[in-house]
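Student: from the sequence below, what's the structure:
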Amino acid sequence: METKIIIATHKPYWIPDDPMYLPVQMGHAIHPDIGYTGDDTGENISDRNWNFCELTGLYWAWKNIEADYIGLVHYRRYFASRANRFAPKRQRVIRHEELDQILAT
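Tutor: Take a look at the predicted model:
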């Protein structure tokens, strides 16, 4: 089962070390490049970012990512792990192993 969660961002920030997460720069067609994958490749609506915000990234993922599940998080807001809920903030981010178990039920 392939799961991809895009991280909607407009500036450089900490990214979880898990291949499930893909940082995507929202509005890449109308904003300076920050070094992440842009939402302006393939089929996209990146130039409409002023109106649709993070939805330009979700549209891009829908049209351009091959995965069984596609998710969206904000660059400072992640899904939390139940197993690590009392860990330091960055260790609480759910990893693909735990999410795969949840999605399989």
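
Student: going forward, measure contacts and count neighbours with C-alpha atoms only.
Tutor: Will do.

Student: contacting residues around the helix or strand bottoming out on mean pLDDT in the chain?
Tutor: Between all helices and strands in the chain, the lowest mean by mean pLDDT, DSSP states H and E belongs to helix 96-104, at a mean of 92. Outside helix 96-104, the residues that touch it by Cα atoms under 8 Å, 6 or more residues apart in numbering are 1, 3, 18, 20, 81.

Student: type out the PyMOL command that picks the buried ones from those.
Tutor: What follows is the PyMOL syntax for the buried subset of the contacts of helix 96-104, where burial is set by 16 or more other Cα atoms under 10 Å:
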select buried, resi 3+20+81
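
Student: let me know the closest of the contacts of helix 96-104 to N44.
Tutor: Within the contacts of helix 96-104, proximity to N44 (Cα to Cα) peaks at T3, which comes in at 20.5 Å.

Student: can you give me the helices for this protein?
Tutor: 49-52, 55-64, 96-104 (DSSP state H).

Student: same for the second one, what does it pack against?
Tutor: Right, the one you point to is helix 55-64. Where contact means 3 or more Cα pairs under 8 Å, 6 or more residues apart in numbering; DSSP states H and E, helix 55-64 is packed against strand 3-9, strand 69-74.

Student: turn the ones you listed into TSV, columns for mean pLDDT and distance to F86.
Tutor: Shown next, in TSV, are the helices and strands packed on helix 55-64 (pLDDT from 0 to 100; distance: least, Cα to Cα, whole Å):
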stretch	mean pLDDT	distance to F86
strand 3-9	97	23
strand 69-74	96	21
